[in-house]
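A.B. asks: when you get a sec, could you give me coordinates for this:
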Amino acid sequence: MSAVPTYAQRRLGGELRQLRAKAGLSLEGAAGAFHWSKSKLSRIETAKLPISRHDMNRLAILYGASAEELARLENWAARKPQSYTWWSEYSDVISSTYEEFITLEAQATEIHLVNSSVVPGILQVRGYAHAITTSGPFIPDPDIADALVDVRLKRQSVLTEASPVLVSATLSATALHINLGDPRLLREQLRHLLEVGDLPNVEMRIIPLDSPLGAFIGGLTLFEFEHKQEPSVVYIEYHGGMTPKESNREVRQYRRHIQHLHQNALSPDESRKLINRRLEDLR
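C.D. replies: Numbering: from 1, shown residues only. Predicted coordinates:
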């Protein structure tokens, strides 16, 4: 499994990208100064490729970094990787992409979710999570399925820790109608949505079935971070996997899409009423 960028590595890459922009240099121009490929510098800035102290200092000189800016770079470069995380125990069942997703989820200060058909993993109850994990064409070994469900539930600790992440979730009402073969699972899941929606750091909005916006497909997760030097990341989620999008242009496009859906969904109060009405229908 490939190494997942640490928070410090992402901050270092973000600082370098900001210094390059401040110096008025393009990726191609800065990389060309050292006979690097544009891809190499891009991967350094997104923490996909480690950078040596020597090369970091060369970039700092090229960008005209001040003593204070260089000290910040040195600070992030000196940070030691976290030796243990709870998801390390599941390294044999989660992909490197999923591992990075969980790492970013744990580091984010804001998470924006949209989904057209299912409740996002961070908001699922165990029974619903198990039904989702074992449905469709990608049915894992039962032991692996149980482990993946455990991972999904443990991820939810970010909602209730001492400094909880801010979550904005926008769901199509379709997600309120897919019962996965057992109406009891859906009732339990909808009651949980109401409970989670009561948390001060969680906002939930529903797009009604009769809205043309409800026709959007798939799931998106946008991670935002405390410091502007650390770039935001979008994940496109689908049954069986996910794909990250990290370029500035792609992140802006998906952020606009998420904001459009969010702004045109029902208010949190109206969404809560809709969930309650759906619960009444299931009795």
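A.B. asks: quick one: the strands in the stretch 51-200 of the chain, in order.
C.D. replies: Using DSSP state E, counting those that start in this stretch, the strands assigned to the stretch 51-200 of the chain run over residues 110-115, 166-172.
A.B. asks: wait, which of those is closest to residue 91?
C.D. replies: Among these, the nearest to residue 91 by CB to CB is strand 110-115 (23.0 Å). For the C-beta atoms, the positions are set from N, CA and C on the backbone; glycine is no exception.
A.B. asks: possible to save the strands of the stretch 51-200 of the chain as a markdown table with distance to residue 256, mean neighbour count and mean pLDDT?
C.D. replies: Compiled in a markdown table, those are given as follows (distance: least, CB to CB, whole Å; neighbours: other CB atoms under 10 Å; pLDDT from 0 to 100):
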| stretch | distance to residue 256 | mean neighbour count | mean pLDDT |
| --- | --- | --- | --- |
| strand 110-115 | 12 | 22 | 97 |
| strand 166-172 | 13 | 23 | 97 |
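A.B. asks: nearest to residue 23, of these?
C.D. replies: Of all the strands of the stretch 51-200 of the chain, it is strand 110-115 that lies closest to residue 23, at 28.9 Å by CB to CB.
A.B. asks: in its sheet, what does that closest one sit against?
C.D. replies: Applying DSSP bridges to the sheet, strand 110-115 is found paired with strand 166-172 (parallel), strand 219-224 (antiparallel).
A.B. asks: next SSE downstream of the shortest one?
C.D. replies: Read that as strand 219-224. Next along the chain after strand 219-224, taking DSSP states H and E as the criterion, comes strand 233-238.
A.B. asks: which parts of that next one are buried?
C.D. replies: By neighbour count, and taking 16 or more other CB atoms under 10 Å as the criterion, the buried residues in strand 233-238 are 233-235, 237.
A.B. asks: so which elements touch it?
C.D. replies: Other elements packing on strand 233-238 under the criterion 3 or more CB pairs under 8 Å, 6 or more residues apart in numbering; DSSP states H and E are strand 219-224, strand 241-245, helix 248-263.
A.B. asks: before we move on, the earlier item: make a markdown table out of the strands of the stretch 51-200 of the chain and add distance to residue 137.
C.D. replies: As requested, those are arranged in a markdown table below (distance: least, CB to CB, whole Å):
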| stretch | distance to residue 137 |
| --- | --- |
| strand 110-115 | 19 |
| strand 166-172 | 22 |
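A.B. asks: check contacts around residue 190.
C.D. replies: With contacts defined as CB atoms under 8 Å, 6 or more residues apart in numbering, residue 190 is in contact with 176, 275, 278-279, 282.
A.B. asks: mind doing that once more with 7 Å?
C.D. replies: For residue 190, the contact set (CB atoms under 7 Å, 6 or more residues apart in numbering) comprises 176, 275, 278-279.
A.B. asks: just the ones of those in helices?
C.D. replies: Counting by DSSP state H, the members of those that fall within helices are 275, 278-279.
A.B. asks: which one among the residues you listed gets closest to residue 196?
C.D. replies: When those are compared against residue 196 (criterion: CB to CB), the nearest one is residue 275, at 10.9 Å.
A.B. asks: burial count for residue 7?
C.D. replies: When counting by other CB atoms under 10 Å, one arrives at 19 neighbours for residue 7.
A.B. asks: how about it, nearest residue that isn't a chain neighbour?
C.D. replies: Nearest residue to residue 7, sequence neighbours excluded (CB to CB, 6 or more residues apart in numbering): residue 107, at 5.1 Å.
A.B. asks: the one you found contacts residue 6, correct?
C.D. replies: No: using CB atoms under 7 Å, residue 107 makes no contact with residue 6, being 8.9 Å away.
A.B. asks: any idea how many residues pack against residue 32?
C.D. replies: The number of residues packed near residue 32 is 14, by other CB under 10 Å.
A.B. asks: whoops, residue 263 was the one
C.D. replies: By the measure other CB under 10 Å, the count of residues near residue 263 is 10.
A.B. asks: now it: how far from residue 114?
C.D. replies: Residue 263 sits 12 Å away from residue 114, going by CB to CB, to the nearest Å.
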